[in-house]
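1. with the input below, show me the fold.
(one chain, ligands or ions: 1)
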Amino acid sequence: MKIGFLGLGHMGAPMAANLVKAGHDVLAFDPVPAAQEQARTDGATVVPTAVEAVAGREVVITMLPNGKLVLDVYADILPAAEPDTLFIDCSTIDVADARTAAERAVAAGHRALDAPVSGGVAGAAAGTLTFMVGGAEADFAAGLPVLEVMGGKVVHCGGAGVGQAAKICNNMLLGVSMVALSEALVLGEKLGLSHQSFYDVVSTASGQSWSLTTYCPVPGPVPTSPANNDYKPGFATALMTKDLGLAANALQANGVDGQLGALAAEIYTRFNQTDAARDFSAIVTDIRDRSNQEASE
Ligand code: NAD
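-> Below is the predicted model:
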């Protein structure tokens, strides 16, 4: 297919490279020279402007840092695309922004999907991302062959914006669960419970969670977790903070009494000021440090 790809960062670059590898004709744009160079090396045709990347394309994919940028870029590119182009935004953005982007695409005579991902840079490189897709059934069917090149699992979640809804609901739950688990681990430490004993009991008891059994935030029990690698991400605190901010906005905008989601957003916003580049599971070290400070005061 003729594909335009905008946003060749950590995620976009390997996603675009997989489309090229699968035989698609990819016109790519990113304002950063190093990103352009990488895309050229990966076999995409790099063009100097966003508008040139959408001309004559059947599908246009965006992978950008935030919702404001998606809306700004759409303002430039929607009028430049052929009628009935399928716009797929894979960025993680506000549900409201995703709905606005889709409405504007449709009003300009196009089709639109929101298709945020989970799986991180490793999943993007391996072509094993999970896509959570919002949009009309027919548009989902049209986008599926392209998404399947970049993803291992593609789920149609509902209408416009519902893909973003799935993403922020999952990540809000993950953030809350990691904070809760970390508090329990530090409490266990204070009470003389070893990490291994905690793991051996809780991993098969009612407190079990993905955060514990796959991503254990203390070294030892799960050797592949970032805690065993000095909290190198993995999933960086900066990204978790962004997603919890989107979830907190959505809680408020929709009148949901989401006290734990809002609190997790606050906790990560504070941690992000000092530890943005560390894995989000390093929150356990912050909870431990703050507990020790309080104890010594
Ligand atoms: P990134 O900052 O590495 O990449 C964003 C790219 O967009 C940059 O290369 C930037 O130059 C480019 N860009 C900026 N303005 C542009 C414009 N006007 N036109 C074209 N390109 C432009 O970010 P990333 O880590 O690749 O993340 C992209 C999106 O994916 C974000 O919304 C993020 O939340 C989401 N996401 C990231 C991860 C991850 O692990 N990195 C995981 C899941 C979802």
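2. which residues in the stretch 51-200 of the chain form strands?
-> Under the criterion DSSP state E, counting those that start in this stretch, strands of the stretch 51-200 of the chain are mapped to 59-62, 86-89, 111-114, 117-118, 129-134, 151-158.
3. out of those strands, the one nearest the ligand is which?
-> Judged by C-beta to the nearest ligand atom, the one of the strands of the stretch 51-200 of the chain that comes nearest to the ligand is strand 117-118, at 5.2 Å. (C-beta placed from N, C-alpha, C; glycine too.)
4. so what touches that closest one?
-> Residues from elsewhere that reach strand 117-118 (C-beta atoms under 8 Å, 6 or more residues apart in numbering): 11, 90, 92, 123-124, 129-132, 150-151, 167, 170.
5. note down every partner strand of that strand and its orientation.
-> strand 129-134 (antiparallel) (DSSP bridges).
6. buried set for the partner strand?
-> Across strand 129-134, burial judged by 16 or more other C-beta atoms under 10 Å covers 129-134.
7. do the same with stretch 51-64
-> For stretch 51-64, the neighbour count (16+ other C-beta under 10 Å) marks 51-54, 57-64 as buried.
8. pick out the residue of the protein closest to the ligand.
-> Nearest residue of the chain to the ligand (C-beta to the nearest ligand atom) works out as G9 at 1.8 Å.
9. tell me the residues on the stretch 51-200 of the chain that lie near the ligand, please.
-> Counting by C-beta under 6 Å from any ligand atom, the stretch 51-200 of the chain comes close to the ligand at 63-65, 69, 73, 91-92, 117-118, 120-121.
10. out of the buried residues of stretch 51-64, which two are the most distant from each other?
-> The span of the buried residues of stretch 51-64, defined through C-beta to C-beta, is set by E58 and L64 at 20.2 Å.
11. ok, and the closest non-adjacent residue to T237?
-> Among residues not flanking T237 along the chain, F280 sits closest, at 4.8 Å (C-beta to C-beta, 6 or more residues apart in numbering).
12. do C169 as well
-> Leaving out its chain neighbours, C169 is closest to A247 (C-beta to C-beta, 6+ apart), at 7.3 Å.
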